[in-house]
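Participant: A structural model of the following input is requested.
(one chain, ligands or ions: 1)
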Amino acid sequence: MNIGIIGAGNMGAGLGRLWAKAGHQVVFSYSRDEEKLHKLATSAGVTAKAGTLQDAAAQDIILLAVWLPALEEVLQGVGSLDGKIVITCVSGLQPDFTGQTIGLATDLKTSVAETIQQLIPNAKVVEAFNSTFAEIIASESRQFGSDFPSIFYCGNDIEAKQIVANLIEDCGYEPVDAGNLLVARTLETLATAWVQFAVSSHLFPNLGLKALRR
Ligand SMILES: NC(=O)c1ccc[n+]([C@@H]2O[C@H](COP(=O)([O-])OP(=O)(O)OC[C@H]3O[C@@H](n4cnc5c(N)ncnc54)[C@H](OP(=O)(O)O)[C@@H]3O)[C@@H](O)[C@H]2O)c1
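Facilitator: Numbers count the residues shown, from 1 in each chain. You can find the predicted model right below:
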């Protein structure tokens, strides 16, 4: 697949590297440091390259991995995303981890993912990767004993969700379909609780969230 990464920080760099390793064509973008982008692309392998925001947005699948305050600027700068699959891992977590700036536990009872969908109504927005840590993505493997953590994802387009599920698997996680984009409200709240638990338990970042079945 062709994947554009917007935000080449901990999440964007880590996921982009894993997708490039799995053979996908990856364009890294949106860093304040051009040299960092080029080094990242070179280290990610032959199927990766650095590009502009517009280069990344021209790919079939786009990962949004920026901080919430940058979102509007990014979405205004990319041009049309009509028909694209847009994966968001953007969280509304407050910088001190005490809660959310947007979501069920605030006056803004919506979600980051739904807000993105409103800004780009003709894109197929899928929320994923919110309840894992960049340190786990960057580590050698996603394996915990004999288990692999789940990644809960949600979105309104069934085909887009199947593609994202495959991309989650390519990263070494178990994809779990959590429903339509409305579910992002609870998934983002779950992600906040997960971060708070990781910090208060002193287990951060060595935790994986798993949906067990029987
Ligand atoms: N880290 C996690 O474990 C984790 C887990 C789940 C969800 N998330 C969410 O994923 C998103 C990205 O997180 P991250 O940890 O990857 O963040 P990060 O490492 O800080 O990366 C943010 C990216 O945005 C770029 N950027 C460009 N202009 C910026 C500006 N004016 N201010 C700040 N950044 C700017 C940064 O560029 P530079 O290269 O110039 O720094 C960097 O490439 C956030 O919404 C976060 O809440 C993170």
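
Participant: and Ala211, what helix or strand is that in?
Facilitator: Under DSSP states H and E, no helix or strand contains Ala211.

Participant: Please enumerate the helices of this protein.
Facilitator: Applying DSSP state H to the chain gives helices spanning 10-21, 34-44, 53-57, 71-77, 112-119, 134-138, 158-170, 184-200.

Participant: could those go into a markdown table alongside mean pLDDT?
Facilitator: Shown next, in a markdown table, are those (pLDDT from 0 to 100):
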| stretch | mean pLDDT |
| --- | --- |
| helix 10-21 | 98 |
| helix 34-44 | 97 |
| helix 53-57 | 97 |
| helix 71-77 | 92 |
| helix 112-119 | 94 |
| helix 134-138 | 98 |
| helix 158-170 | 98 |
| helix 184-200 | 94 |
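
Participant: Deepest in the core, which of those helices is it.
Facilitator: helix 10-21 (a mean of 22; mean count of other C-beta atoms under 10 Å). Every residue, glycine included, has its C-beta placed from N, CA and C.

Participant: and the helices of the chain as TSV, adding distance to the ligand?
Facilitator: Converted to TSV, the helices of the chain look like this (distance: least, C-beta to the nearest ligand atom, whole Å):
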stretch	distance to the ligand
helix 10-21	3
helix 34-44	6
helix 53-57	10
helix 71-77	8
helix 112-119	8
helix 134-138	4
helix 158-170	14
helix 184-200	6
